[in-house]
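>>> coordinates for the following, if possible.
(2 chains)
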Amino acid sequence: MNAEYRQGRFYSWLPFFTLLRKEILRFWRVASQTLLTPIITASLYLFVFGATLGDRLSVLEGFSYAQFVIPGLILMGIINNSFANTSSSLFMSRYLGGIVDLLVTPVSPPQFILAYTLAAMLRGLAVGLVVWLISTLFAHLPWVAPLQALMMAVLASFLFTQFGLIAAIYAHNFDTLSMYSNFLLLPLIYLGGVFYPISILPPFWAKLSLLNPLFYLIDGFRHAILGVGDISFLTAFLVSGALALALFCWAAWLIGSGYRLRS
Amino acid sequence: MTDMALKIDRLCKSFADVPVVKDISFAIRQGEIFGLLGPNGAGKSTTINMIAGVTRVGSGSIEAYGYDNQRDYRVTRRLLGVVHQEVVIDNFFTVEQALKLHAGYYGIKDDPAWRQMLIERLGLAPHLHKVMIKLSGGLKRRFMIAKALIHRPRLLILDEPTAGVDVELRHSLWDFVRDINARGTTILLTTHYLEEAEQMCDRIAIMNHGDLIALESTRDLVDRLSRRRVRVCLDQPLRTVPDVLADYQPQIGDEGRELKLDLPVDGTAGALLKELCGLGLSIRDLETEQSSLEEVFLQLTGIDQTRDTQDER
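Numbering: from 1, shown residues only, chains lettered A, B, ... in the order given. Below is the predicted model of the structure:
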């Protein structure tokens, strides 16, 4: 064979790093939609609950309402954007046919999942970081256990990247995809304790809230920041961790088997 | 080391219990240009998608350069480059960015000299910094070929690469394909332009309804199955065809001054001439013609050429 046509050396992890880079570039190129918009939305929440109602309401003894709500708002930004990145990127690839470009390459299923997951976590955690920085204008948070808070943030982001991958694979069209976001994710977030502690709910609704997986993430994150919560940090972490593991296994099975990706 | 670029053994695939590829086997030698032809729905694209890894193999096996494409998929996919029938582009990136990314997906570091050669040969140089949504249909096709070759595959698979492109671009693309083949890349192509397949391919396989119905060298296929016709122009008009010419399926035209005769598969023009001279016919001119791959294809697949022509209208 002609020397000119000899293939270069194969770098086993280069497909992963390339896909990760592509996924990061993808959201960076449309940063006004993927980063700026969620930050502005979160800033509006911060303004409403921080500058206007923050000092007039109190739902947790010893803390202003702004201090109470900010951890929830940070986590909401992380969750929404982690989910949006994997779900929209993978679904668009499926919908427009670009996924074929990846399926014919040596990108392995673990590399595929890892690249999509890490890029989406980067976006989610970047939004969370900026929301926190803006929140410092409205309230001071004690950060009782910063490492635990970081663990919960990373766990929440990871969990919803996996949920995004699953939704992107099962969705038939844009309508179905937006249903996951509008009719599942949004109610779970709003009813999961972002804006109120479940301890102020009537007993029935408080018990019902325990079935909401978002409650454990939000309460665990808030517990790590404020030092108080409706349940112990360990319970919140273990329940969230188990759920994240289950979703990861589900997503890994779907992608590993090529379900709805390979005909 | 095997001298086969691709070996397909007893390959089957069904969708919703409907078999679309039925127990086909063939092999492609290194360095050849191999055509996989067939009418729409014959199972060509499904076969190609199974080779490329886009479609799961139903049963049977596919080996590229001796490696199993399921067990050793990371090796075989590096050896293959695929130009899909559908134009697949990522509108987020420019031509240059997309080519660099694509090399990386294959685990190969970007080689600027190779990339530049592809860009220049395929006429993409003035469009490098355009996002792909801005490219014309022809440029998107050229980009697809550059993308499939960016990692220097040893076997290039072209699934209808010239569908819907103008004549000039078709010619330049085929010239390019011939050139890379001459440099050592094996080619597997499907096309609906049978004249091009006849000119390009060393060997041809024809699929119909999921079956492999022909597999031989292009020349042998045309020679074996094509009709050889002799057109004889006569000085004196002929009113009736002599009985001795009945085996040649004669047709009279031009008010008896033209006689069209089909040579049997084992017949020769010399034997026919002897018959004609024996009849005392005065021959003014004589022409022979051979049917094209297109006619052979239509004959094998049982497609009514007249109906197809009417459909196109």
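>>> residue A:22 reaches residue B:100, doesn't it?
No. Checked against CB atoms under 8 Å, the pair residue A:22 and residue B:100 is beyond contact range at 9.9 Å. For every residue, glycine as well, the C-beta is placed using N, CA and C.
>>> these two: which has the busier surroundings?
Set residue A:22 next to residue B:100 and count neighbours by other CB atoms under 10 Å in any protein chain shown: residue A:22 wins out with 23 against 19.
>>> nearest residue to the more buried one other than its sequence neighbours?
Distances taken as CB to CB, 6 or more residues apart in numbering or on different chains put residue B:101 closest to residue A:22, at 5.2 Å, once the chain neighbours are dropped.
>>> could you list the residues in contact with the helix or strand containing that neighbour?
If you go by DSSP states H and E, residue B:101 is part of helix B:95-105. For helix B:95-105, the surrounding residues in contact (CB atoms under 8 Å, 6 or more residues apart in numbering or on different chains) are A:14-15, A:17-19, A:21-22, A:25, A:101-102, A:105-107, B:89-90, B:93, B:109-111, B:115, B:118-119, B:124, B:127-130, B:132, B:135, B:143, B:146-147, B:150-151.
>>> what pLDDT is listed against residue A:23?
Note on residue A:23: pLDDT of 95.
>>> count of residues packed around it?
22.
>>> helix/strand/coil for it?
helix (DSSP: H, G, I helix; E, B strand; the rest coil).
>>> wait, it sits on residue A:114?
No. Contact criterion CB under 8 Å: residue A:23 and residue A:114 do not qualify, at 10.5 Å.
>>> how about the helices in the chain?
By default, I'm working from chain A. Assignment of helices within chain A using DSSP state H yields the ranges A:14-29, A:31, A:37-46, A:65-96, A:99-103, A:109-135, A:146-170, A:174-179, A:186-190, A:203-209, A:213-226, A:233-257.
>>> look at chain B instead
All helices of chain B, identified by DSSP H, fall at B:44-52, B:73-79, B:95-105, B:112-121, B:137-149, B:167-182, B:194-200, B:218-225, B:269-278, B:293-301, B:305-312.
>>> got the phi/psi numbers for the nearest residue to residue A:51 once chain neighbours are set aside?
Excluding its sequence neighbours, the residue lying closest to residue A:51 (CB to CB, 6+ apart) is residue A:138, at 6.0 Å. Dihedral pair for residue A:138: phi -110, psi -30, per degrees, to the nearest 10.
>>> tell me the pLDDT of residue A:138.
85.
>>> for it, what are its contacts?
Applying CB under 8 Å, 6+ apart, we find residue A:138 in contact with A:46, A:47, A:49, A:50, A:51, A:54, A:66, A:70.
>>> just among the residues you listed, which is most surrounded?
residue A:70 (30 neighbours).
>>> quick check: it vs residue A:131, distance?
Residue A:70 is 8 Å from residue A:131, where distance means CB to CB, to the nearest Å.
>>> who's in contact with stretch B:125-137?
B:87, B:89-96, B:98, B:119, B:139-140, B:143, B:164-165.
>>> lowest-pLDDT helix or strand in chain B?
Lowest by mean pLDDT, DSSP states H and E among the helices and strands of chain B is helix B:305-312, with a mean of 42.
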